[in-house]
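> Sequence isn't available, so here's the structure alone:
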């Protein structure tokens, strides 16, 4: 196995923390986690429920390090529903062998259908039946994406599958949650949030999280609104009137920045090329627990006076210091 120095892992970790404007504490923690995973001291099991695989695609779009480097050098990925070639009964053999040994981190992408268990199966076994023993023995559980965290689109009003997020599933099964489950919402989740959270959990244990949402503070502590480059327009009540307007706050076009806690304004997407607001599109709060839940609430709305959803300064979240 190729050997790398401590400096190599610190350099890789610095990309995550620099883009997110995090302190050196996080750099050291993530570097320790990457090194531990590389040395096969901690393995990763990635399972998918009801999802579009968008978070997996996002993960494979990672940069600095890229997906090949992550999969070959950093992540000891035992099984991934999309990436792995293993199928059917062989998957269950892999899972049983892993759970028997222990010492692994479970990543769950997608919602879990508890109303219609057969809506999502692994080797003819409903994922709702497969997950409980795996979750119980995992060192930590990371729900990636809004579907995994809160149910997301599969749990939208009117869906007969009875889809739920990992937290609600664990509550239904009476599986301990405290200091074990970490939610990384987003539609999709940012690739660096996935790798950074996994590495921190492995390197330093359970990270500081929001007590209600269980989202790691290092990536989800501040609202999009508070760091929005158009915040000054909101303060001066200068509003964009049309989608694509290069200037003006997007509030009247339905922007939900105050309800979205994420560091999109800092890191942006596609290697820092762009993100929703920079593209003159309103934030749809894809990291919110309420995302896609109500069929009467469209993602893009024009004219808030016609809808119940409004906000003012008292609704702002994040760091107000």
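Noted; the coordinates are in hand. Quick caveat: nothing in here was measured; it's all calculated off a predicted structure. Numbers count the residues shown, from 1 in each chain.

> hey, let's count contacts and neighbours off CA atoms from now on
OK.

> just the helices in the stretch 151-300 of the chain please.
For the stretch 151-300 of the chain, applying DSSP state H, counting those that start in this stretch gives helices covering 166-172, 191-204, 217-220, 231-235, 264-267.

> so which of the ones you listed gets nearest residue 254?
Between residue 254 and the helices of the stretch 151-300 of the chain, the shortest gap by CA to CA is with helix 231-235, which sits at 13.0 Å.

> Using the record's assignment, carve the chain into domains.
As recorded under automatic domain parsing, the domains making up the chain are 6-218, 222-321.

> mind putting the ones you listed in CSV, mean neighbour count and mean pLDDT included?
Output for the domains of the chain, formatted as CSV (neighbours: other CA atoms under 10 Å; pLDDT from 0 to 100):
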stretch, mean neighbour count, mean pLDDT
domain 6-218, 20, 88
domain 222-321, 17, 81
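
> Please enumerate the strands of the chain.
With DSSP state E applied, the chain shows strands at 43-48, 77-80, 104-109, 112-113, 121-122, 125-126, 140-144, 163-164, 181-184, listed in chain order.

> which residues touch residue 145?
Counting by CA atoms under 8 Å, 6 or more residues apart in numbering, residue 145 makes contact with 55, 109-110, 183-189, 287.

> Next up, the contacts around the closest residue in space to residue 302 that isn't next to it in sequence.
Counting by CA to CA, 6 or more residues apart in numbering, residue 253 is the residue found nearest to residue 302 once chain neighbours are left out, at 4.4 Å. The neighbours of residue 253, taking CA under 8 Å, 6+ apart as the test, are 240-243, 282, 300-304.

> from those, which is closest to residue 155?
Within those, distances to residue 155 taken as CA to CA reach their minimum at residue 300, with 19.1 Å.

> In space, what's closest to that closest one - neighbours in sequence excluded?
The shortest distance from residue 300 to any non-neighbouring residue, by CA to CA, 6+ apart, is to residue 254 (6.2 Å).

> Quick check: that neighbour touching residue 297?
No: using CA atoms under 8 Å as the test, residue 254 is too far from residue 297 to be in contact (10.6 Å).

> would you turn the strands of the chain into a markdown table with distance to residue 10?
As requested, these are arranged in a markdown table below (distance: least, CA to CA, whole Å):
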| stretch | distance to residue 10 |
| --- | --- |
| strand 43-48 | 20 |
| strand 77-80 | 21 |
| strand 104-109 | 21 |
| strand 112-113 | 36 |
| strand 121-122 | 37 |
| strand 125-126 | 40 |
| strand 140-144 | 23 |
| strand 163-164 | 37 |
| strand 181-184 | 23 |
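
> Could you measure from residue 202 over to residue 37?
When CA to CA, to the nearest Å is the yardstick, residue 202 and residue 37 sit 7 Å from each other.

> swap in residue 274?
Applying CA to CA, one obtains 31 Å for the distance of residue 274 from residue 37.

> if I pick the closest residue to residue 173 other than its chain neighbours, what's in contact with it?
Leaving aside its sequence neighbours, residue 173 sits nearest to residue 132 (CA to CA, 6+ apart; 7.4 Å). By CA under 8 Å, 6+ apart, the contact list for residue 132 reads 170, 173, 175.

> ok, now which ones touch the last one?
Contact criterion CA under 8 Å, 6+ apart gives 132, 135-136 as the residues in contact with residue 175.

> Just to be sure, which of those are found in helices?
With helices defined by DSSP state H, the entries of those inside them are 132, 135-136.

> for residue 283, phi and psi?
According to degrees, to the nearest 10, the main-chain angles of residue 283 amount to phi -70, psi 130.

> any idea how far it is from residue 230?
Taken as CA to CA, the span from residue 283 to residue 230 is 12 Å.

> Beta-bridge partners for the residue lying closest to residue 234 once chain neighbours are set aside, please?
The spatially closest residue to residue 234, leaving aside those adjacent along the chain, is residue 249, at 5.1 Å (CA to CA, 6+ apart). When bridges are taken as DSSP bridges, the partners of residue 249 come out as residue 239.
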